[in-house]
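Q: Turn this into a structure:
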Amino acid sequence: MSAALAGVCGYLGLGVLGLVLGQGKILALFALAGGIASLTVWAPGFPESLVGSLPFGVAVAGDPWALGIWGLALTLHLAVLVQGWLKDGLYHSLITVLVGTCLAGGISRDLFNLYVVLELSSLLSVVLVAKEGRSAAVWAALRYLLLAGVGMTLYLFGLGLVYGRTGVLAITSLSQTDFSEPSLRVGVGLLLSGAAVKAGVFLLGLWLPPAHGQAPTEISALLSGVVVKLGIVTLARIAEAFPIEPVLLSLGILTGFGGLVYALWERDLKILLGHHTVSQLGYMLIGLGLGAWEAALFYTVAHGLFKALLFLSAGMAVEAKGARTLAELKGGLPRPVVLGLALGTWAIVGLPPLVGFAGKNALSFASPTWAKALLQGLSLGTAVSFAKLFPLCKPEKGGSLGGIPFLAAGVVALGILGFFLFPGLLHPISWLEAFSLAFGGYGVHLFLGPRMRTLPRITFDWAVLWALISAFGLAFGLLLGTCWI
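A: Prediction:
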């Protein structure tokens, strides 16, 4: 535990020191080195312990979720550090503090501490999204700030109800409480709503696509790759404490297909990837809802790697061409950008031997027949949507590698590791299904592509309204009890 806490404190302390001294770039390197050293010391884990004494001690643990989030956050920080090396010290200091909050969230097993981490990460993300000063980015950041505020308010009200009823906030202690109390059920519903807003769950987190799409290149990769995962970790912790698997399963199905519908018609490359971040959250929530914890965690880390690769490559493409739409980005892209887009597309549609193939099949192995059919439907829709990127994969000039090699290596390495973790991946049927869905998606795109038009964007007022309606629905559904549990 001490090594993990040292890693977190090192990141937060060096990040703040960088803000004061203006040496954020060098201090970010020291923080990254310290984080890697810390993970090396405390891996493969440590049991749940208290930081401080009762009744105010914070429960932390080095469990598989902590390992996954730390490995993902440190890998992405390395890639982002290399990609944005020429940026100013303030930029690197803010990123260092943001990564430190992700590390703290990974080991936390206390609902209030998770609230602090979620709130801090939201504020830092808003600043980083708006830092360049572009009007579209500032408006996206403002939407993020206001909707995140709604989500965290819901979470805080839920926290009060849960604590008022149980007197504890540690996950292990909460898992032993009686879930039949109406006030406790409403509190859990509000906790779920707040965490779902932060995670970007469909109808609750409609801030996500514009915020990720308008953010600077490195920030888009970091937000979609690891910051959003704090919401997933929080939902997983809540599911450890309370029997809410049917709720997560329902949210996963809605999120997967809701995000996919918008992605199918989107023409702005980075906004398209933002909608797919929403859709891909559906896989993770379905895994949690089915009780397939190992597969859900694996896909969470897998998505963090290949979506960061896609956002990094897409941002470099936009910078190279000075345009954002798919039609304007056709041809003439640097070779490293095309490689990143191609490898990321290969991974997200689930082709072997990359990490997306391992993650999707791991979830499929743990699913009943009906759930497997849903996952295959999501995979087919993903392939249809990403077929739009094929015209972009025609390199005509060289370019800098940036952080692409680090993320590409992670996508390949974790995919190979998946074959050892899930032996069923070697079965020919799994390969046949993967290629069939990918080529089938391309065929559907050829037929439907010319007929697809961009759907109307969801305005801010409707985003807030849907978040509040969905939060009420979750709380009321859990209050009724029999509707969900």
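
Q: Please identify the buried residues of the helix or strand hosting residue 438?
A: Counting by DSSP states H and E, the secondary-structure element that holds residue 438 is helix 428-448. Under the neighbour-count criterion of 16 or more other CB atoms under 10 Å, helix 428-448 has 430, 431, 433, 434, 437, 438, 441, 442, 444, 445 buried. Where C-beta positions appear, they are placed from N, C-alpha and C, glycine not excepted.

Q: Put together TSV for the residues you listed, with pLDDT and distance to residue 154 on each row.
A: Shown next, in TSV, are those (pLDDT from 0 to 100; distance: CB to CB, whole Å):
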residue	pLDDT	distance to residue 154
430	93	40
431	94	44
433	94	39
434	94	39
437	94	37
438	93	39
441	92	36
442	90	41
444	89	38
445	87	38
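
Q: got a pLDDT number for the nearest residue to residue 197 once chain neighbours are set aside?
A: Distances taken as CB to CB, 6 or more residues apart in numbering place residue 151 nearest to residue 197, at 2.7 Å, with adjacent residues excluded. What the model reports as pLDDT for residue 151 is 91.

Q: and residue 151, what does it touch?
A: For residue 151, the contacting residues are 193, 194, 195, 196, 197, 198, 204, 205, 467, by CB atoms under 8 Å, 6 or more residues apart in numbering.

Q: Likewise for residue 442?
A: Residues near residue 442 by CB under 8 Å, 6+ apart: 383, 384, 387, 390.

Q: Could you point out the helix or strand that follows the helix or strand in which the second one is found?
A: Per DSSP H and E: residue 384 is located in helix 369-386. Sequence-wise, the next helix or strand beyond helix 369-386 is strand 395-397, with elements assigned using DSSP H and E.

Q: ok, residues contacting that next one?
A: Contacts with strand 395-397, where a contact means CB under 8 Å, 6+ apart, come from 331, 332, 333, 334, 335, 337, 338, 339.

Q: next one: stretch 232-245
A: Identification of contacts with stretch 232-245 by CB under 8 Å, 6+ apart yields 65, 69, 105-106, 108-109, 111, 114, 118, 171, 174-175, 177, 179, 188, 191-192, 195-196, 198-199, 248, 281, 284-285, 288-291, 293, 296-297, 300, 478, 484-485.

Q: burial measure for residue 160, as a count.
A: If you count neighbours by other CB atoms under 10 Å, residue 160 ends up with 12.

Q: The closest residue to it other than its chain neighbours: neighbour count?
A: Leaving aside its chain neighbours, residue 160 sits nearest to residue 187 (7.4 Å; criterion: CB to CB, 6+ apart). Around residue 187 there are 24 other residues, counting by other CB under 10 Å.

Q: which residues touch residue 331?
A: If you count contacts by CB under 8 Å, 6+ apart, residue 331 has them with 391, 392, 394, 396.

Q: Lowest pLDDT pick from these?
A: Lowest in pLDDT among those is residue 396, which has 75.

Q: Confirm for me that residue 4 is in contact with residue 67.
A: No: with contact defined as CB atoms under 8 Å, residue 4 does not reach residue 67; the gap is 10.2 Å.

Q: any idea how far residue 320 lies from residue 120?
A: Computed as CB to CB, to the nearest Å, the residue 320 to residue 120 distance reads 34 Å.

Q: So these two - more neighbours on which side?
A: Summary of the neighbour comparison: residue 320 and residue 120, criterion other CB under 10 Å, with residue 120 having more neighbours (18 against 15).

Q: What's the first helix or strand after whichever strand or helix holds that one?
A: In this assignment (DSSP H and E), residue 120 forms part of helix 111-130. Using DSSP H and E, the helix or strand that follows helix 111-130 towards the C-terminus is helix 135-166.

Q: so that next one versus helix 111-130, what angle?
A: Between the axes of helix 135-166 and helix 111-130, defined by axes from the mean of the first three to the mean of the last three CA atoms, to 10 degrees, the angle is 180 degrees.

Q: Now do the buried residues in helix 135-166.
A: The neighbour-count check on helix 135-166 (16+ other CB under 10 Å) flags 137-138, 140-145, 147-148, 150-152, 154-159, 161-162, 165-166 as buried.

Q: How about the contacts made by residue 179?
A: By CB under 8 Å, 6+ apart, the residues touching residue 179 are 185, 188, 242, 243, 485.

Q: Now do the phi/psi pair for it.
A: The phi/psi pair for residue 179 (degrees, to the nearest 10) reads phi -90, psi 10.

Q: gap between it and residue 231?
A: When distances are taken as CB to CB, residue 179 and residue 231 turn out to be 22 Å apart.

Q: still on that earlier bit, can you add neighbour count and pLDDT and give the contacts of residue 442 back as CSV?
A: What follows is these, written out as CSV (neighbours: other CB atoms under 10 Å; pLDDT from 0 to 100):
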residue, neighbour count, pLDDT
383, 25, 95
384, 25, 93
387, 21, 92
390, 15, 87
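
Q: Residue 461: which of the residues you listed is nearest?
A: When the contacts of residue 442 are compared for distance to residue 461 (CB to CB), residue 384 comes out closest, at 30.8 Å.

Q: Identify the residue spatially nearest to that closest one, adjacent ones excluded.
A: In this structure, residue 384 finds its nearest non-sequential neighbour in residue 441, 4.3 Å apart by CB to CB, 6+ apart.

Q: And for residue 385, the neighbour number?
A: Counted with other CB under 10 Å, the burial measure for residue 385 works out to 28 neighbours.

Q: now swap in the one 4 residues further on and tell me
A: The number of residues packed around residue 389, counting by other CB under 10 Å, is 23.

Q: Need the pLDDT of it.
A: pLDDT for residue 389: 90.

Q: and if you look at residue 454?
A: Per-residue pLDDT puts residue 454 at 67.

Q: now swap in residue 423 and tell me
A: Reading off the confidence values, residue 423 has pLDDT 88.

Q: Likewise for residue 484?
A: Reading off the per-residue confidence, residue 484 sits at a pLDDT of 44.
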